[in-house]
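Model the structure of this input:
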Amino acid sequence: MSGHSKWATIKHKKGALDAKRGKIFTRLIKEIAIAAKGGGDPDGNPRLRTAILAAKAENMPADNIKRAIQRGTGELEGVNYEEVSFEGYGPGGVAILIEVLTDNRNRAVSEIRHCFAKNGGNLGESGSVRFMFSKKGLIAVEKSAASEEQLMDIVLEHGGEDLNDEGDTWEIITDPGAYEAVYAAIKAAGIPTVINEVTMVAATYTKLEGNAAGQMVRLLEALEDLDDVQNVYSNFDMDAEQMEHAAG
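Residues are numbered from 1 along each chain as shown. Have a look, this model is predicted:
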């Protein structure tokens with residue numbers, strides 16, 4: 001389906017996510033705290049419920065989740081984060097959408113602009129690429145873990161939208177409202193997942209090769225390493241082998 005999901009799968013296989021677990025926990029804690037501003041009860045707050053689900057998928061301790069909620073509701077003192085999004089273009093003109101939680105907007109702008117300039121991209125105007133993306137649930141399962149028939153039954157029974165063949169993996173796409181039910185059914189069936197998240201999926205994709213592909217991987221890594229950056233979405237695609245090589 002996209003370079004985004006291939007990229008996440010390759011990082012998972014390389015153990016890069018484990019190596020950056022501190023960064024992942026920080027990102028999740030910030031998301032939980034922001035979500036909890038809309039109410040500390042996950043039953044009545046879908047964004048908080050999704051954030052808690054993501055934290056549990058990363059084996060975050062329950063105490064960390066509880067404290068993050070309390071910071072969001074004001075029961076505990078915490079940093080006041082601002083939600084900002086940035087849009088731009090990467091090598092080959094691919095679209096990039098970046099979600100940020102920051103306590104210093106000027107610092108975030110400066111760091112993101114520097115990343116783009118250093119890696120063959122440029123920051124765009126608000127609204128320049130967001131229209132190309134829509135929010136979806138994305139669940140990826142290695143083909144060795146489940147059959148197409150088994151997954152299709154789950155998709156059809158629990159309101160999923162699509163099941164795609166992506167080489168080594170099956171990818172399930174859902175409406176955000178159906179994501180929890182589909183993911184819960186997959187877990188109940190004992191099927192391990194490579195990716196499970198509510199993400200931004202592009203309508204169309206741009207294939208990158210050669211130097212542009214390598215530059216794109218370096219830009220992604222640079223943006224994801226920034227402390228203020230929560231999520232990076234793009235409509236690039238490239239061969240998995242080339243992406244793995246570029247990721248080192």
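
Domain parsing of the chain, as residue ranges.
What automatic domain parsing lists as the domains of the chain is 3-73, 86-128+205-237, 132-202.

Which of the helices and strands in the chain ranks last by mean pLDDT?
None of the helices or strands of the chain scores lower by mean pLDDT, DSSP states H and E than helix 16-19, at a mean of 54.

next SSE after that helix?
Using DSSP states H and E, the helix or strand that directly follows helix 16-19 along the chain is helix 21-36.

for that next one, which positions count as buried?
Using 16 or more other C-beta atoms under 10 Å as the test for burial, helix 21-36 gives Ile24, Phe25, Arg27, Leu28, Ile29, Lys30, Glu31, Ile32, Ala33, Ile34, Ala35, Ala36. Where you see a C-beta, it was placed from the backbone N, CA and C, and this is true even at glycine.

what's the answer for stretch 93-105, then?
For stretch 93-105, a neighbour-count test (16+ other C-beta under 10 Å) marks Val94, Ala95, Ile96, Leu97, Ile98, Glu99, Val100, Leu101, Thr102 as buried.

so what's Leu223 up against?
Ile96, Ile98, Ile112, Cys115, Val229, Val232 (C-beta atoms under 8 Å, 6 or more residues apart in numbering).

would a markdown table of these with distance to Glu83 be doable?
Formatted as a markdown table, the contacts of Leu223 follow (distance: C-beta to C-beta, whole Å):
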| residue | distance to Glu83 |
| --- | --- |
| Ile96 | 17 |
| Ile98 | 12 |
| Ile112 | 14 |
| Cys115 | 19 |
| Val229 | 12 |
| Val232 | 15 |
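
hang on, the earlier thing: of the domains of the chain, which is nearest Glu244?
Glu244 sits nearest to domain 3-73 of all the domains of the chain, at 5.2 Å, using C-beta to C-beta.

ok, now which ones touch the residue nearest to Ala146 when sequence neighbours are not counted?
Among residues not flanking Ala146 along the chain, Ile191 sits closest, at 4.7 Å (C-beta to C-beta, 6 or more residues apart in numbering). Ile191 makes contacts with Val141, Ala145, Ala146, Gln150, Leu151, as judged by C-beta under 8 Å, 6+ apart.

per-residue confidence for Ile191?
Confidence at Ile191, expressed as pLDDT, is 95.

And for Lys20?
According to the model, Lys20 scores 64 on pLDDT.

same thing with the one 5 residues further on?
On pLDDT, Phe25 comes in at 87.

Quick one, which of the contacts of Ile191 are buried?
Those of the contacts of Ile191 that meet the buried threshold are Val141, Ala145, Ala146, Leu151, by 16+ other C-beta under 10 Å.

Show me which pair in those is furthest apart.
Maximum distance among the buried ones among the contacts of Ile191 (C-beta to C-beta): 9.4 Å, for Ala145 and Leu151.

Okay, now the sheet partners of the biggest strand by length in the chain, with direction.
Longest strand of the chain, by residue count under DSSP state E: strand 133-142. Sheet pairing of strand 133-142 (DSSP bridges) gives strand 169-174 (antiparallel), strand 195-202 (antiparallel).

how about Glu241, phi and psi?
Backbone geometry at Glu241, expressed as degrees, to the nearest 10, gives phi -60, psi -40.

Near it, how many other residues are there?
By other C-beta atoms under 10 Å, 9 other residues sit near Glu241.
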